[in-house]
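Novice: sequence isn't available, so here's the structure alone:
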Ligand code: NAD
């Protein structure tokens, strides 16, 4: 099947009639053809978003929220189908595909609810005749550029606040996972969203994404993806005077202290590092263990990892699906090869031998130990199912090692000591902290984002999303 862009309320074929095949990372099966759009297609969508902005921003919050709620209801009615499509194109397990779709629905519902929350503050004025307050205004048409690893949740956690606060949207989904966003846009179309308010242009980042960053009608860019691309976009967008929000990579540590429940800690490490094939910005990639329990923890972790089933993500007992693409797999395998030179391989490290998996982008879950602090696998984001294990003397050394990274997205600690847990919350340099749970995982109604090189600092989701998608207007209203 051939899919189309969604521009000004119409499904439109790309101007040059070029398409890209969407393929399953499990076996290469075709999942449909999506537009390889041009700069002209992007411009048409941008112009539509500018025209629609004037009337969209004048609707009440509740009127706008009604479209979000309807889109949520439509997705809910199609939850199984959409979740399955997500799994087929991205490769995470079916439970995760359906779970992520449910999360997108929850985000839409949450922001529909935000339409009834206060948007400003009232201040006492020095002048008794002045009513002094703040209100919020939308920014204008916004450009959203999203990655493939959360192909429905991330687009929705940008779109939902953008729309409810009165902005119009042009989204450029990741080229590898277009179908998940197609389902969301279709739900908004069926919900009757006015033409031009939400536009979706499929295609390459360097073409469609770049035009969003360049075009003067787009007033803000929200981007999630790699540091390399994000930094380039941030500079260009800032030079054009645009508001920018960047959510980037991670190198997330899990600390296991001697007093932790080790059985639980092993499950936390396995889930954080290997679910979604390690392709989460919040995935655990460094596990730092106190020396008195190191050997016990390591042996149990390796033993547990060997029981995980790597395979077809649609099968119920699969724990680890394929990497998203050949180039992603090549990158992970190259890091594993580097790891073999610079550390000790404990398990995994190969492409699985099963015949059934030979047409997919599979790699075994992999664990290294004896890793030096400056090894590539210690410092670089791998974005695959790979753990680097470290032995430390005590909490102080653990937290110092955890913070010794350019990234600052997420971190976790396993301990039964409440005081140490509280100290960790203070000491660790990240935007998301978990105590006795994995580094990955976030709830839809609370702020999400990192610090250091993981983020430009603003937060997505929850109440804080309003800060990016609106500007504050301070009003002095005087009696005559
Ligand atoms: P990527 O940077 O390759 O691509 C992200 C998006 O940018 C895609 O839609 C791509 O087409 C587009 N793009 C590429 N070049 C562009 C250009 N020149 N101009 C405009 N747009 C362009 O990232 P990816 O491989 O899709 O995603 C994986 C990365 O995303 C990892 O580094 C991961 O850590 C990060 N990530 C971060 C978070 C977070 O919230 N911090 C969440 C998920 C993923």
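Specialist: Arrived safely. Source: prediction; values computed, not measured.
Novice: per-residue pLDDT of residue 184, please?
Specialist: Per-residue pLDDT puts residue 184 at 98.
Novice: gap between stretch 290-307 and the chain center?
Specialist: In terms of C-alpha atoms, centre = their mean, to the nearest Å, the gap separating the centre of stretch 290-307 from the centre of its chain is 30 Å.
Novice: counting contacts, what elements does the helix or strand that contains residue 229 pack onto?
Specialist: Here residue 229 sits within helix 227-239, counting by DSSP states H and E. On a contact count with 3 or more C-beta pairs under 8 Å, 6 or more residues apart in numbering; DSSP states H and E, helix 227-239 meets helix 210-214, strand 220-224, strand 243-247. Quick note: C-beta positions are derived from backbone N, CA and C, even for glycine.
Novice: report the angle between it and strand 243-247.
Specialist: Our comparison of helix 227-239 with strand 243-247, counting by axes from the mean of the first three to the mean of the last three C-alpha atoms, to 10 degrees, yields an angle of 170 degrees.
Novice: which residues does helix 227-239 contact?
Specialist: Helix 227-239 is touched from outside by 145, 205, 209-210, 213-214, 221, 223, 244, 246-249, 381, 453, 456, with contacts defined as C-beta atoms under 8 Å, 6 or more residues apart in numbering.
Novice: follow-up on the earlier one: among the helices and strands packed on helix 227-239, which is nearest the ligand?
Specialist: strand 243-247 (3.3 Å; C-beta to the nearest ligand atom).
Novice: which parts of the closest one are buried?
Specialist: 243, 244, 245, 246, 247 (16 or more other C-beta atoms under 10 Å).
Novice: and the ligand, which of those contact it?
Specialist: residue 247 (C-beta under 6 Å from any ligand atom).
Novice: and the residue of the stretch 1-150 of the chain nearest the ligand?
Specialist: In the stretch 1-150 of the chain, the residue found nearest to the ligand is residue 147; the distance is 3.2 Å by C-beta to the nearest ligand atom.
Novice: burial check on the nearest residue to that residue once chain neighbours are set aside, number of neighbours?
Specialist: Closest residue in space to residue 147, ignoring its immediate chain neighbours: residue 225 at 4.5 Å, by C-beta to C-beta, 6 or more residues apart in numbering. Neighbour count for residue 225, taken as other C-beta atoms under 10 Å: 22.
Novice: tell me, what's the model's pLDDT at residue 225?
Specialist: Note on residue 225: pLDDT of 97.
Novice: same question, residue 457
Specialist: Predicted confidence (pLDDT) for residue 457: 86.
Novice: could you report the distance from it to the ligand?
Specialist: Computed with C-beta to the nearest ligand atom, to the nearest Å, the distance linking residue 457 and the ligand is 12 Å.
Novice: wait, does the helix holding residue 229 contact the ligand?
Specialist: Yes - interface with the ligand: helix 227-239 contributes 229, 232, 233 (C-beta under 6 Å from any ligand atom).
Novice: residue 143 should be in a strand, yeah?
Specialist: Yes - when DSSP: H, G, I helix; E, B strand; the rest coil is applied, residue 143 is found to be in a strand.
Novice: ok, it touching residue 221?
Specialist: Yes - between residue 143 and residue 221 there is a contact at 4.8 Å, judged by C-beta atoms under 8 Å.
Novice: so between those two, which is more surrounded?
Specialist: It is residue 143, of residue 143 and residue 221, that has more neighbours when counted by other C-beta under 10 Å, with 33 against 24.
Novice: residue contacts, that one?
Specialist: Neighbouring residues of residue 143 by C-beta under 8 Å, 6+ apart: 46, 170, 171, 172, 209, 212, 213, 215, 218, 220, 221, 222.
Novice: filter the residues you listed down to the buried ones.
Specialist: Listed as buried from these are 46, 170, 171, 172, 209, 212, 213, 215, 218, 220, 221, 222; burial here means 16+ other C-beta under 10 Å.
Novice: helices and strands around the helix or strand hosting residue 272, which ones?
Specialist: Element membership of residue 272, judged by DSSP H and E, is helix 262-274. Applying 3+ C-beta pairs under 8 Å, 6+ apart, we find helix 262-274 packed against strand 252-256, strand 284-290, helix 291-306, strand 386-392, strand 410-414.
Novice: winner for burial among those?
Specialist: Per residue and on average, the most neighbours among the helices and strands packed on helix 262-274 fall to strand 410-414, with a mean of 30 (mean count of other C-beta atoms under 10 Å).
Novice: each with direction, which strands does that strand pair with?
Specialist: If you go by DSSP bridges, strand 410-414 pairs up with strand 252-256 (parallel), strand 432-435 (parallel).
Novice: rounded mean pLDDT for the longest one, please.
Specialist: Here the mean pLDDT over strand 252-256 is 98, rounded to a whole number.
Novice: tell me the angle that strand makes with strand 284-290.
Specialist: Relative orientation of strand 252-256 and strand 284-290, computed by the same axes, to 10 degrees: 30 degrees.
Novice: so where is the stretch 201-350 of the chain shaky, pLDDT-wise?
Specialist: Judged by pLDDT under 70, the stretch 201-350 of the chain has no weakly predicted residues.
Novice: who in the stretch 51-200 of the chain is up against the ligand?
Specialist: So the stretch 51-200 of the chain meets the ligand at 145, 146, 147, 148, 149, 150, 172, 174, 175 (C-beta under 6 Å from any ligand atom).
Novice: nearest residue to the fourth one in space, please, no chain neighbours.
Specialist: The spatial neighbour of residue 148 that comes closest, neighbours along the chain excluded (C-beta to C-beta, 6+ apart), is residue 174 at 3.8 Å.
Novice: pLDDT score assigned to that neighbour?
Specialist: 98.
Novice: look at it and tell me its secondary structure.
Specialist: Per three-state DSSP, residue 174 ends up coil.
Novice: can you put the strands paired with strand 410-414 in TSV and add distance to residue 75?
Specialist: As requested, the strands paired with strand 410-414 are exported to TSV (distance: least, C-beta to C-beta, whole Å):
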stretch	distance to residue 75
strand 252-256	29
strand 432-435	26
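Novice: closest to residue 56 out of those?
Specialist: For residue 56, the closest of the strands paired with strand 410-414 is strand 432-435, at 32.3 Å, according to C-beta to C-beta.
Novice: what pairs with the helix or strand following the closest one, parallel or antiparallel?
Specialist: Downstream of strand 432-435, the next assigned helix or strand under DSSP H and E is strand 451-452. Note on strand 451-452: by DSSP bridges, its sheet partners are strand 407-408 (antiparallel).
Novice: do me a favour and average the pLDDT over the partner strand.
Specialist: Mean predicted confidence for strand 407-408 is 98.
Novice: number the residues from 858 up from this point.
Specialist: Yep, numbering from 858; the last one is strand 1264-1265 now.
Novice: any part of it near the ligand?
Specialist: No - judged by C-beta under 6 Å from any ligand atom, strand 1264-1265 and the ligand are separated, with a smallest distance of 8.7 Å.
Novice: name the residues that touch that strand?
Specialist: Contact with strand 1264-1265 is made by 1106-1109, 1238, 1286-1288, 1307-1312, as judged by C-beta under 8 Å, 6+ apart.
Novice: now stretch 1171-1186
Specialist: Residues from elsewhere that reach stretch 1171-1186, judged by C-beta under 8 Å, 6+ apart: 882-883, 941, 944-945, 947-952, 1005-1006, 1033-1034, 1131-1134, 1136, 1165-1170, 1189, 1208, 1214, 1217-1220, 1222, 1240-1242.
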